[in-house]
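Novice: I'll drop the sequence and a predicted model, then ask my questions.
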Amino acid sequence: MYQNWSAMETFIVHTENKAQANAIKAVLKASNITFEKTTEKPYNSEFVKKIQKSDQEYKAGQFKTIKTEDLWK
């Protein structure tokens, strides 16, 4: 059987609950599509918390602007 490798794609699906996950698995199995599941998170949770905190601070106006010419002073 010939496989068209140029048509291969990877999809990342974010389900919100077990029912959604089961529905996606059922569709993939019924369509004879191979898939793999991972519980690995792409970022450290502490890092994500720091980024979220920084984003909130920025939105609240808690940031400092530095001119480019003053950057290395």
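Specialist: It's in. Numbering: from 1, shown residues only.

Novice: I figured Phe35 was touching Lys25, is that so?
Specialist: Yes: here Phe35 reaches Lys25: they are 7.4 Å apart, a contact under C-beta atoms under 8 Å. Every residue, glycine included, has its C-beta placed from N, CA and C.

Novice: helix or strand for Tyr58, which one?
Specialist: helix 45-59 (DSSP states H and E).

Novice: quick one: contacts of that helix?
Specialist: Under the contact criterion C-beta atoms under 8 Å, 6 or more residues apart in numbering, helix 45-59 has outside partners Phe63.

Novice: Kindly report the same for stretch 18-35.
Specialist: Under the criterion C-beta under 8 Å, 6+ apart, residues 13, 15 lie in contact with stretch 18-35.

Novice: end to end, how far does stretch 27-36 reach?
Specialist: Distances were taken as C-alpha to C-alpha, to the nearest Å; on that basis the terminal residues of stretch 27-36 are 14 Å apart.
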